[in-house]
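Engineer: give me a 3D structure for the following:
(2 chains)
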Amino acid sequence: ELKVEQNPLFLSMQEGKNYTIYCNYSTTSDRLYWYRQDPGKSLESLFVLLSNGAVKQEGRLMASLDTKARLSTLHITAAVHDLSATYFCAVAENTGTASKLTFGTGTRLQVTL
Amino acid sequence: DAGVIQSPRHEVTEMGQEVTLRCKPISGHDYLFWYRQTMMRGLELLIYFNNNVPIDDSGMPEDRFSAKMPNASFSTLKIQPSEPRDSAVYFCASSPTGYSNQPQHFGDGTRLSIL
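Structural biologist: Got it, this is the predicted structure:
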């Protein structure tokens, strides 16, 4: 059974600071997704990482994937309040059929002034 | 293009009643997924369909839950009879292909409260 762990579960950080969220998973996969969820809202896709060494960047967020270590990171650079949300990683099982995703527990990010 | 559309947005009902949640996927997407989100268990995949056919329902919690997809533009998730522990946010998501570089697109969810 695929297990996906995120840490930290909660992160309070000051504006302007940098930090990294970690996503570890237990079995082989070559596809990983990052989503953002605002309170009471839907999940918004941020990044799709498809191969070992993949790196994607959008604004102050950068995601990377190391399939050998079964680890993905989401790095936040110079945080701003608008980044406050819950961030989920989701790992696809290599079923050969569909993108059956297992989600991590989520990291609730709070950016303070 | 319109996104994934779910209805109702909120549902409050009494224990024992039948609940039906509805989903319209993005046109052209041939995979449809139903998820449940709770504080205790996080986001769980309940069932998914490919070309209207259920592929994996191993996440459906028990026989009280059933899902159908009568055509490419409509799916339902039904709970009968409902229980307070079914209270959660239920999301529907769709994707254009299964094994792809496209993410799943989520609807706004149905917040279900069973009293």
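
Engineer: show me which residues of chain B sit near chain A.
Structural biologist: Residues of chain B found near chain A, taking C-beta under 8 Å from any C-beta of the partner chain as the criterion, are B:31, B:33, B:42-43, B:45, B:48, B:50, B:55-56, B:91, B:93, B:95, B:98-109. Quick note: C-beta positions are derived from backbone N, CA and C, even for glycine.

Engineer: can you flag the buried ones in the residues you listed?
Structural biologist: Burial by neighbour count, 16 or more other C-beta atoms under 10 Å in any protein chain shown: within the residues of chain B next to chain A this picks out B:31, B:33, B:42-43, B:45, B:48, B:50, B:55-56, B:91, B:93, B:95, B:98, B:100, B:102-109.

Engineer: so which of the residues of chain B next to chain A belong to strands?
Structural biologist: When DSSP state E is applied, the residues of chain B next to chain A are split such that B:31, B:33, B:42-43, B:45, B:48, B:50, B:55-56, B:91, B:93, B:95, B:105-106 fall in strands.

Engineer: how about these in JSON lines, adding distance to A:Tyr35 and pLDDT?
Structural biologist: Putting these into JSON lines (distance: C-beta to C-beta, whole Å; pLDDT from 0 to 100) gives the following:
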{"residue": "B:Tyr31", "distance to A:Tyr35": "17", "pLDDT": "92"}
{"residue": "B:Phe33", "distance to A:Tyr35": "13", "pLDDT": "95"}
{"residue": "B:Gly42", "distance to A:Tyr35": "12", "pLDDT": "94"}
{"residue": "B:Leu43", "distance to A:Tyr35": "9", "pLDDT": "96"}
{"residue": "B:Leu45", "distance to A:Tyr35": "14", "pLDDT": "94"}
{"residue": "B:Tyr48", "distance to A:Tyr35": "17", "pLDDT": "93"}
{"residue": "B:Asn50", "distance to A:Tyr35": "22", "pLDDT": "91"}
{"residue": "B:Ile55", "distance to A:Tyr35": "22", "pLDDT": "90"}
{"residue": "B:Asp56", "distance to A:Tyr35": "20", "pLDDT": "90"}
{"residue": "B:Phe91", "distance to A:Tyr35": "11", "pLDDT": "98"}
{"residue": "B:Ala93", "distance to A:Tyr35": "10", "pLDDT": "96"}
{"residue": "B:Ser95", "distance to A:Tyr35": "13", "pLDDT": "91"}
{"residue": "B:His105", "distance to A:Tyr35": "11", "pLDDT": "94"}
{"residue": "B:Phe106", "distance to A:Tyr35": "8", "pLDDT": "97"}
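
Engineer: which residues in chain A form helices?
Structural biologist: Secondary structure of chain A (DSSP state H): no helices present.

Engineer: and it, which residues reach chain B?
Structural biologist: Contact residues (C-beta under 8 Å from any C-beta) of chain A with chain B: A:31, A:33, A:35, A:41-45, A:48, A:50, A:88, A:96-106.

Engineer: so where's chain A shaky on pLDDT?
Structural biologist: Low-confidence segments of chain A, defined by pLDDT under 70, span residues A:94-99.
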